[in-house]
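# okay, structure incoming, though there's no sequence with it:
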């Protein structure tokens, strides 16, 4: 076997070439990644160590839950961070207070009461303001409708100023009623 | 800091007509005619009263948010002793000496019975609040009320102009020029101008494993 002794100059030259080659490889990878980002949107290289994305997402979710503990945050725009991933939620497990649910549905189940909620969605109103908007309802009927809505927790009255305000459940219930109606109307049209 | 000494005046008084002790657009505290009263003095200056009669507390602890209103008004009858610290000159004009029958109507066999209960409430308040110099009340038209609650603790209301703090067993309400913080057993609501708000709720959802 012939042993070739390389000169120091040649060794230095080969080292430079290797470094040059490594740089070219890096540049080639960068170009490829940029192309992938353009074609697929955001590109995230998770490397070879990640074998199970679900595990990773689960651990991230657990971390967030640990931080937030038992809280849901609702911002001005209605942003919510809810403990438990959507995949783990099943409606069958929610304990429903049926008498209360029936009371709320009963409160919603009247055309004039829905109209009252619609008026209150725009902001708190005094009874005379509601009366002006809903002139087809007599004052005594309007008062009894407001009482039903108040008892169901959909409306609250300020004791000092006397204004009626729609509550968070009231707004949610009104939205639900209008969405179901729209959904059914679309279904009938089809 | 040295704790200053409070004293109760020896004379039991009663209201000669209904009095509104505090009123703003957020709430009101009223007491009826013939309500028993005893003055609280601090360093020989009248700083407040203990009242016992029939009265009413109304407080709109409601926060308006873009998502809807949160909270309910507080509406309670004031049939037990409660403490007030604040402006006393105006109130003093509507008080006169109580007669034995006034005490009897409120369930006291003697004046001492009322004084004993008043001392207990004042001790509870001063012991709990560790008040020193009452600069918060009386000197700048602020007012403080302490109402014993069912849990044996004190619900406290402090108000000064549009500023209001109400701390009860199940809620804390702080209001200052349209900015409101409400803490209930299930949520904390911070609301600023234009109903912009942040609601922090206890999680009511669940996991199935």
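Great, that's in hand. Please read all numbers here as calculations on a predicted model, not as lab measurements. Numbers count the residues shown, from 1 in each chain, chains lettered A, B, ... in the order given.

# skipping its backbone neighbours, what lies nearest the one residue sitting closest to the centre of chain B in space?
By CA atoms, centre = their mean, chain B has its centre lying nearest to residue B:145, at 2.5 Å. Distances taken as CB to CB, 6 or more residues apart in numbering or on different chains put residue B:157 closest to residue B:145, at 4.5 Å, once the chain neighbours are dropped. C-beta here means a position set from N, CA and C on the backbone, and glycine is covered the same way.

# neighbours of the closest residue to residue B:34 other than its chain neighbours, just the number please.
The spatially closest residue to residue B:34, leaving aside those adjacent along the chain, is residue B:14, at 5.3 Å (CB to CB, 6+ apart). Using other CB atoms under 10 Å in any protein chain shown, residue B:14 is surrounded by 22 other residues.

# same thing with residue B:20?
Neighbours of residue B:20 using other CB under 10 Å come to 11.

# pretty sure it is in contact with residue B:27, am I right?
No. The pair residue B:20 / residue B:27 is not scored as a contact, 11.0 Å apart, by CB atoms under 8 Å.

# please list all residues in contact with the closest residue to residue A:152 other than its chain neighbours.
Of all residues not flanking residue A:152 in the chain, residue A:107 sits nearest, at 3.7 Å (CB to CB, 6+ apart). Applying CB atoms under 8 Å, 6 or more residues apart in numbering or on different chains to residue A:107 gives the contacts A:113, A:148, A:149, A:151, A:152, A:154, A:173.

# do that again at 7 Å, thanks
Taking CB atoms under 7 Å, 6 or more residues apart in numbering or on different chains, we find residue A:107 in contact with A:113, A:148, A:149, A:152, A:154.

# how close does the second one sit to chain B?
Okay, so that is residue A:148. 17 Å (CB to the nearest CB, to the nearest Å).

# same thing with the third one?
Distance, residue A:149 to chain B, by CB to the nearest CB: 12 Å.

# so what's the residue count around residue B:190?
17.

# you'd agree it is in a strand?
Yes. Applying DSSP: H, G, I helix; E, B strand; the rest coil, one finds residue B:190 inside a strand.

# name the residues linked to residue B:148 by a beta bridge.
residue B:154 (DSSP bridges).

# picking that back up, in TSV, list the contacts of residue A:107 along with neighbour count and secondary structure.
Formatted as TSV, those follow (neighbours: other CB atoms under 10 Å in any protein chain shown; DSSP: H, G, I helix; E, B strand; the rest coil):
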residue	neighbour count	secondary structure
A:113	24	helix
A:148	17	helix
A:149	27	helix
A:152	20	coil
A:154	27	coil
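
# with pLDDT as extra columns, can I get the residues you listed in JSON lines?
Putting these into JSON lines (pLDDT from 0 to 100) gives the following:
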{"residue": "A:113", "pLDDT": "96"}
{"residue": "A:148", "pLDDT": "96"}
{"residue": "A:149", "pLDDT": "97"}
{"residue": "A:152", "pLDDT": "95"}
{"residue": "A:154", "pLDDT": "97"}
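
# which one of those is nearest residue B:150?
Nearest to residue B:150, judged by CB to CB, of those is residue A:152 at 26.8 Å.

# just checking, that closest one touches residue A:104?
Yes. Between residue A:152 and residue A:104 a contact is recorded at 5.1 Å, counting by CB atoms under 7 Å.

# now the end-to-end length of stretch B:10-24.
32 Å (CA to CA, to the nearest Å).

# quick one: average pLDDT of it?
Stretch B:10-24 shows an average pLDDT of 95 in the prediction.

# low-confidence ranges, chain A, go.
Across chain A, the ranges flagged by pLDDT under 70 are A:1-7, A:32-93, A:188-190.

# longest helix of it?
Counting residues, the longest helix found in chain A (DSSP state H) is helix A:8-40.
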